[in-house]
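show me how the following folds:
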Amino acid sequence: MSRFGYERVPTSPNLADEEHDLHADLDSEERNVATERVHPAIRAAMNAPRDPRFDLPTPPTWQRAGLLVFILLLLWLLYRLRMSGLPPLE
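The predicted structure follows:
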């Protein structure tokens, strides 16, 4: 531990998932021994309650459709402006 009072967190974000997948076929006693090797910060994050700010609701269908229509409108406008700037073919 450093003199500033914090521990370095591993850079691999999927370490906890990999540990879980690797030990999925073990019984509970063997799994407890296997998870003892997990970094304490990751173990604390696995046991912490999920922050509700990250559970955003799915956007309504009309908003998704509106976004697609808006993008298509911008593409059409881009095409029209590009064609208006070109000299006519002779």
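
pLDDT at Asn32, what is it?
What the model reports as pLDDT for Asn32 is 59.

how close does Gln63 sit to Leu56?
13 Å (CB to CB, to the nearest Å). C-beta: built from backbone N, CA, C; applies to glycine.

make that Ile42, sorry
Separation of Ile42 from Leu56 (CB to CB): 24 Å.

of the two, give the one with the bigger neighbour count.
Between Ile42 and Leu56, counted using other CB atoms under 10 Å, the more crowded position is Ile42 (18 against 7).

look up how far Arg50 lies from the more buried one.
Using CB to CB, Ile42 is found at 15 Å from Arg50.

what of Pro60?
From Pro60 to Arg50 the distance is 23 Å (CB to CB).

can you check Thr61 too?
Per CB to CB, Thr61 is found 26 Å from Arg50.

where does pLDDT dip in this protein?
Filtered on pLDDT under 70, the chain yields the residue ranges 1-3, 12-37, 88-90.

how about the strands in it?
Using DSSP state E, no strands are found in the chain.

how many neighbouring residues does Val9 have?
Residues lying near Val9 (other CB under 10 Å) number 13.

quick one: contacts for the closest residue to it other than its chain neighbours?
Closest residue in space to Val9, ignoring its immediate chain neighbours: Ala41 at 4.9 Å, by CB to CB, 6 or more residues apart in numbering. Shown in contact with Ala41 (CB atoms under 8 Å, 6 or more residues apart in numbering): Glu7, Val9, Pro10.

how about 10 Å then?
Tyr6, Glu7, Arg8, Val9, Pro10 (CB atoms under 10 Å, 6 or more residues apart in numbering).

which of those residues sits closest to Leu67?
If you rank these by distance to Leu67 using CB to CB, Val9 comes first, at 36.1 Å.

surely the closest one touches Arg43?
No: between Val9 and Arg43 there is no contact under CB atoms under 10 Å: 11.6 Å.

and the longest helix belonging to the chain, what's buried?
When the chain is parsed with DSSP state H, its longest helix is helix 61-85. Under the neighbour-count criterion of 16 or more other CB atoms under 10 Å, helix 61-85 has nothing buried.

what ranges do the helices span in the protein?
Counting by DSSP H, the helices of the chain are 15-22, 28-35, 40-47, 61-85.
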